[in-house]
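K.L.:
Sequence first, then the predicted structure, then my questions.
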Amino acid sequence: AQSVTQLDSHVSVSEGTPVLLRCNYSSSYSPSLFWYVQHPNKGLQLLLKYTSAATLVKGINGFEAEFKKSETSFHLTKPSAHMSDAAEYFCVVISPGGYQKVTFGTGTKLQVIP
Amino acid sequence: DSGVTQTPKHLITATGQRVTLRCSPRSGDLSVYWYQQSLDQGLQFLIQYYNGEERAKGNILERFSAQQFPDLHSELNLSSLELGDSALYFCASSVAGGLNNEQFFGPGTRLTVL
């Protein structure tokens, strides 16, 4: 079985302060893990992905995530929030192999306060 | 702009009807993916085609079907529509065939079933 839990449905930060969006996963295999961002009325855009190389993954727009197998976590961070970061963020797990399964988290809405 | 186009942007129809959603992938991309985003079920992967052949299947209902044509555009057919089918339907494309490749998302088609 495979599942993804985004621990916060809403996160609010002040502009210029750090961002932490939490994601825990469960998988019987060594999955690939992704973070996507969705701005209002737009499609999803890939922020970063982990596919069993370096555990600290750097993405676009200053975001990064660390894969921690012992904690089954893949939290997304950014040192300093910008107003343009306000959006919904999705953690995604994809199982490996011939029969791949995609599971989306329920999303975290990030609000950035000026 | 991801380079993926979807038509129509909005669609309003009645229960029991059938609709077709269309997707044109980015130039050079061979894979097309379909996703459904609804308030009830969140984001769900429906189906993937790679170079005209079905490659992976997710939570696609039997009332739904898709195909990819020789020019690589894809259509998602939804029939015997129910109120619960109201959702945003996204198409994405990628160069290669694995689900864990970077996918580029279109702007979506918003379907409203009355």
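P.N.:
That came through fine. The structure presented is a predicted model; accordingly, all values stated were derived computationally and were not measured. Numbering: from 1, shown residues only, chains lettered A, B, ... in the order given.
K.L.:
A:K49 - how many residues pack around it?
P.N.:
A:K49 has 20 neighbours, counted by other C-beta atoms under 10 Å in any protein chain shown. (C-beta placed from N, C-alpha, C; glycine too.)
K.L.:
Then it would be within a strand, right?
P.N.:
Yes: counting by DSSP: H, G, I helix; E, B strand; the rest coil, A:K49 is part of a strand.
K.L.:
Residue of chain A nearest chain B, please.
P.N.:
A:G43 (3.2 Å; C-beta to the nearest C-beta).
K.L.:
Mind listing residues that contact the helix or strand of chain A with the lowest mean pLDDT?
P.N.:
When the helices and strands of chain A are scored by mean pLDDT, DSSP states H and E, strand A:102-104 comes last with a mean of 90. Contact with strand A:102-104 is made by A:2-4, A:90-94, B:42-45, B:58, B:99, as judged by C-beta atoms under 8 Å, 6 or more residues apart in numbering or on different chains.
K.L.:
Name the spans of chain B whose pLDDT lies under the cut-off.
P.N.:
Residues of chain B meeting the criterion pLDDT under 70: none.
K.L.:
Could you grab the helix/strand/coil label for the most centrally placed residue in chain A?
P.N.:
Closest residue to the average C-alpha location of chain A: A:W35 at 3.4 Å, with C-alpha atoms, centre = their mean. Three-state call for A:W35 (three-state DSSP): strand.
K.L.:
can you give me the strands in the chain?
P.N.:
Using chain A. Ranges of strands in chain A, per DSSP state E, are A:3-6, A:10-14, A:19-21, A:23-26, A:32-38, A:44-50, A:56-58, A:64-68, A:73-78, A:87-94, A:102-104, A:108-113.
K.L.:
not what I meant, chain B
P.N.:
Under DSSP E, chain B gives strands at B:5-7, B:10-13, B:19-24, B:31-38, B:42-50, B:53-57, B:64-68, B:74-78, B:87-94, B:104-105, B:109-113.
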